[in-house]
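>>> Fold the stuff below for me.
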Amino acid sequence: TSDTPKPLSNQQLLASLEQCICCEQGDNWDAVIAAYHAFEKKNVLKPKDVDPDAAMRLQNRLREVVTAFTALGDLAVLQPNYFDRLEPRTCVQTETLLTLTQAFDRFYTEAKQGINSLDFSDLEHYALKLLVQIDSETGQTSPTPTALSLRKQFHHVFVDEYQDVNPVQEAIIEALHEGANLFVVGDIKQSIYAFRGARPGIFQARLDQVKTAQRSDVQRVDLNTNFRSHQGVLDATNRICQALMTEETCCMDYDEAAQLRPPEPVASPDVCVEWHLLDEQQGPDFGADESVPVAHGVSSRERQAAVIAQRIRRMVGLGTDHETGHKTGLAEFQVFDKALGQTRDVAYRDMVILFRSPAKRVDETIKVLRLAGIPVSSSQAAGYFEATEIRDCINVLQILDNPQRDIELAAVLRGPFFNVSDNELVRIRLARDTKKIKGFYDGVIQYTQQGDDAVLVAKLKAIMAQLAQWRHMAGEGSLANLIWTLIRQTGLLSAVQALPGAAVRKANLLKLHDRAIQFEGFVSSRGAVSLRRFVEFVEQLQRAGVDWSSAEPHESDDNAVRITSVHKSKGLEYPVVFLAELNTLYSHKDTTDAVLMDASLGLGLQCVEPVTEARLDSLAHQVIAETKARQAAAEELRVLYVALTRARERLILCGCLKHDQCAEIIQSRNTFEPVSLHELRTHNHALAWLLMAMADDPALQEALGLHEARAARSHVAVTLYDQTALNQLSGLISQWDQAGRPAKAEKAGDMEPKEVDVILQTLEWQYAHQALCTLPAKRTVSQLVHSDPLGVKNTFDPARSRHTLKLNTHDKRTASAVGTATHLVLASLDLCQPVTVSSVEGVICALTGQGVLDPEGAALIQREAIAAFFDTELGRLTLQNSQRVYREWPFTLGLSLDGLSDYGFDTPGPDDAHEQLIVQGIADLVIATDQGLHLVDFKTDRIAQAQLAQRTESYAPQLALYAQATQTILKQPVIGRWLYFLALGQTVEV
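Got it, this is the predicted structure:
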């Protein structure tokens, strides 16, 4: 009708928006608020006299602008009433949160002090306190006297990976260097550790300082010569980064100085960069496109993995010829092998598949690749505890802790440790008296006593004896040593080498041993370490659904395709790099949490409306969220740069996005301008960013039907997978799944007798020096002498020896612990003065005050027994030669194996007699006199007089070894070997 107002023209809409922008730039917020509230959202008109497709794109862009502008109404800064009502409540919550955080920090610090532990942040901050002081009035920082003293020691300060430093580390660096003696190396484009506190702004500030510096001793050297990648890969990387990395998007311009160049022009292959685009819609569940039939129950992620698998197979020569349909058998290209110094066919080990965040997505990819017959190595895959070799080890640990666990016991018997057959397990089960015996363990014990198969009875007895021996080790020694003994004695490490994925399996076993060491290192500081505690720890992880990732083998251990994250690939290079699942949406969790933190802006909280329970963003929360969103976009650009620069010869980009969306992204780009921050945040995944950056690439435009075919001007190839191709991929995965592998091995023909003989000789060969394989290269005297706990004074325990000697007040007082404390007191006495009970008490008090002994442990030391020794003839000799006494004297001695037989030790055969064994020990007391050496060993054993002779005999080999080491090293004869039993107050010559 005539009363209907005419819609505003697009020019009028844009004029209103421009007015708001001008007010904002002039800091006239009242005018901004007024202009915003006066703005009325109108329909955007389609431009006339313009190509219909272009008009539609322009109309859509204008709609995006208007929608974005109207969404500003959610900002607290444009809603004064909202701000006034919310901020007082936010202040109270912020103060409460700070109070709770400070209290938690105090409790956490006290807890760490209670177990004598520091984390890495503690080390940084304590170093900062030592080196930097803050003026309480001005707040200015300056180096401490300690820092000034350290500066004099350093002629130059070198810092590598400078782009990853945090403010604390930067303050430490500033405190330690002076003037022009600082040399830093880094690449701000590779600063990808914001989650660890890295601040690329520190690097940028240093660059800006160089620009404005007037001194000639401040220099910038651009290391943009790239010795890694082919020219085609570098060209693509430069094009992408030049379009994406600007001052607006990541606080730096990818300018001429940043562009990568080869050392000299070298011809590149026709194709260095490949696009593989699947025409299906991405979604939160990664494959929710209903327009594409889900053939064979295959997901979008699996189809993308199939594309990668097909490409890998073609590269290594397992692909099929398009004309004949037969396998080519030839590698697609060759790569330069630095180790060989020449080119060779590309192999699996030359390839890596990089994910931005692989933890939740890698399992399906690994499954498809393995179905395709491709060996895969990845530390990102879950299922560590379900790995066969780890499950076997955990089962053993569980039955050592509790032998009544029937399922675990059956698994251990049947597993690689003991190889009890299924028939033998059935025989044990059938022979069990079910009326009297319920459990499988009791059935095994019954069979060892009443079984009718003598061979099986002997086998089970040997197994139970072995388990008993390991159980004894678990109670007496180190958990890590127990696990290593299991692996070594059973040959498990060798057995897994014959299985598929041998390198990963080997790494898994080594990781289990390492985790046991870590567990002991932490838990032993809080109390006794036990097998049960470790088993309970693992079971708690499994019940909570927490899994460790599989161990990652060394790069050269296996000819397999690597799968890893971009972060773990930093600093590495690979001939062939696949960037997978580029369509994965970036996470915005850091901007939506209820509490946001920023080092410069402070805390921003959401408040909960009491009635509706709605979460309301405070002004601080919105400001910090916007800052974090900008920082996250910049971080993702740098992650993308790192991913692109890992490739040496081939860079392959994979992702899924609908064909029309790809075309729309490219058509909407103004290729004469860099990509804006708004465009990056509108298209929230790397695939769209790459499409925008390479929108003018002829191969990409041609593949999407946006341009007619023309001569290629780049080293880029594009492959699109339409719905037919997607269904073919699904069918291919189904075929692989049914076949188990794409091609069955051909049957071997009849073998020649000579070949059979060679195989038999190889299988029957035995190493001539097998006995030496189980003999350690180094032993302590106690380990050599005492094969049982009888009389052991100090047991060599690597995991326990890492910790400072302290008798924990919660530990049960053991004879060995009290003995060790007694030896410490004996070694600390002042021998220049008479030794009395009171002087012994003084030493104990001093050690207690230093925290070396606790009061409860000190109370158990026999003061009178120690003082009584110095009233003996041997004690008086010690005091007379106080300046020539060696206490707690450590030694290392090399002995031939045949020499050990002189001390009653079992040694290998005569062929190995010349082999050397390193023996280490600590002599309690060596008294040097003019006539020779007296060797004294103190014993704290609580024994009866009747046991004295037997105990003396057991220690004789130990004293003999001490004597040989002492006279060999000190070049004096040993004229006396003595044992002093403190509990009995008796000296015995050996």
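>>> Mind telling me what element A410 is part of?
Applying DSSP states H and E as the criterion places A410 in helix 406-414.
>>> and for that helix, what are the contacting residues?
391-392, 395-396, 398-399, 403, 418, 420-422, 425, 439-441, 444, 463 (C-beta atoms under 8 Å, 6 or more residues apart in numbering). Using the backbone N, CA and C atoms, a C-beta is placed for each residue, glycine as well.
>>> 6 Å - rerun?
395-396, 398-399, 420, 439-441 (C-beta atoms under 6 Å, 6 or more residues apart in numbering).
>>> tell me which helix or strand of this protein sits lowest on mean pLDDT?
helix 798-801 (a mean of 35; mean pLDDT, DSSP states H and E).
>>> Sort out which of the contacts of helix 406-414 are in helices and list them.
395-396, 398-399, 440-441 (DSSP state H).
>>> From L657, how far out is the residue lying closest to A372 once chain neighbours are set aside?
For A372, ignoring the flanking residues on the chain, the nearest one in space by C-beta to C-beta, 6 or more residues apart in numbering is A309 at 3.9 Å. Remark: distance between A309 and L657 (C-beta to C-beta, to the nearest Å) = 20 Å.
>>> can you check V184 too?
Distance from V184 to L657, by C-beta to C-beta: 40 Å.
>>> avg pLDDT for the helix holding A410?
The average pLDDT within helix 406-414 is 91.
>>> Comparing V184 and L657, which shows the higher neighbour count?
Taking neighbours as other C-beta atoms under 10 Å, V184 and L657 compare with L657 leading, 21 against 17.
>>> Look up how far L651 lies from that one.
For L657 relative to L651 (C-beta to C-beta), the value is 18 Å.
>>> what's the answer for R199, then?
Distance, R199 to L651, by C-beta to C-beta: 29 Å.
>>> next one: stretch 829-849 to chain centre, how far?
48 Å (C-alpha atoms, centre = their mean, to the nearest Å).
>>> first to last residue in stretch 173-187, what's the distance?
18 Å (C-alpha to C-alpha, to the nearest Å).
>>> Of the contacts of helix 406-414, grab the buried ones for PyMOL.
Buried members of these, defined by 16 or more other C-beta atoms under 10 Å, are picked up in PyMOL with:
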select buried, resi 395+396+398+399+420+440+441
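>>> Put together a markdown table for the contacts of helix 406-414, with distance to F107 and pLDDT on each row.
Output for the contacts of helix 406-414, formatted as a markdown table (distance: C-beta to C-beta, whole Å; pLDDT from 0 to 100):
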| residue | distance to F107 | pLDDT |
| --- | --- | --- |
| N395 | 39 | 92 |
| V396 | 39 | 92 |
| Q398 | 35 | 92 |
| I399 | 39 | 92 |
| V420 | 52 | 88 |
| G439 | 45 | 84 |
| F440 | 47 | 89 |
| Y441 | 45 | 88 |
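>>> Which member of the contacts of helix 406-414 is positioned nearest A76?
Q398 (56.8 Å; C-beta to C-beta).
>>> ok, and for stretch 532-541, which residues are buried?
533-535, 538.
>>> Actually, stretch 485-496.
485-487, 490, 492, 495-496.
>>> Which positions within stretch 242-251 qualify as buried?
Going by 16+ other C-beta under 10 Å, stretch 242-251 has these buried residues: 242-246, 248-250.
>>> likewise stretch 392-408?
Buried residues in stretch 392-408 (16+ other C-beta under 10 Å): 392-401, 403, 405-406, 408.
>>> Can you show me the helices along the stretch 1-150 of the chain?
All helices of the stretch 1-150 of the chain, identified by DSSP state H, counting those that start in this stretch, fall at 10-25, 29-38, 52-70, 80-114, 120-131, 145-151.
>>> picking that back up, the more surrounded of R199 and L651?
Counted by other C-beta under 10 Å, R199 and L651 do not tie: L651 has more neighbours, with 27 against 20.
>>> which stretches of the stretch 651-800 of the chain have low pLDDT?
Counting by pLDDT under 70, the stretch 651-800 of the chain contains low-confidence residues at 708-714, 740-750, 771, 774, 785-800.
>>> Skipping adjacent residues, who's closest to I866 in space?
In this structure, I866 finds its nearest non-sequential neighbour in V840, 5.0 Å apart by C-beta to C-beta, 6+ apart.
>>> Check which helices and strands the helix or strand that the one you found is a member of sits against.
Using DSSP H and E, V840 maps to helix 837-849. Judged by 3 or more C-beta pairs under 6 Å, 6 or more residues apart in numbering; DSSP states H and E, the packing partners of helix 837-849 are helix 815-828, helix 855-859, helix 863-869.
>>> Show me what that helix is in contact with.
825, 828-829, 853, 855, 858, 863-864, 866-867.
>>> Output those as JSON lines; include the columns pLDDT, neighbour count and distance to F891.
Output for the contacts of helix 837-849, formatted as JSON lines (pLDDT from 0 to 100; neighbours: other C-beta atoms under 10 Å; distance: C-beta to C-beta, whole Å):
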{"residue": "V825", "pLDDT": "89", "neighbour count": "21", "distance to F891": "22"}
{"residue": "S828", "pLDDT": "89", "neighbour count": "15", "distance to F891": "20"}
{"residue": "L829", "pLDDT": "90", "neighbour count": "20", "distance to F891": "21"}
{"residue": "L853", "pLDDT": "82", "neighbour count": "23", "distance to F891": "26"}
{"residue": "P855", "pLDDT": "81", "neighbour count": "11", "distance to F891": "34"}
{"residue": "A858", "pLDDT": "83", "neighbour count": "19", "distance to F891": "29"}
{"residue": "R863", "pLDDT": "88", "neighbour count": "19", "distance to F891": "29"}
{"residue": "E864", "pLDDT": "90", "neighbour count": "10", "distance to F891": "31"}
{"residue": "I866", "pLDDT": "90", "neighbour count": "24", "distance to F891": "24"}
{"residue": "A867", "pLDDT": "90", "neighbour count": "19", "distance to F891": "28"}
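>>> Pick the one among these closest to L605.
P855 (47.7 Å).
>>> What is the burial count for the nearest residue to that closest one once chain neighbours are set aside?
Distances taken as C-beta to C-beta, 6+ apart place T848 nearest to P855, at 5.9 Å, with adjacent residues excluded. Applying other C-beta under 10 Å, we find 16 residues neighbouring T848.
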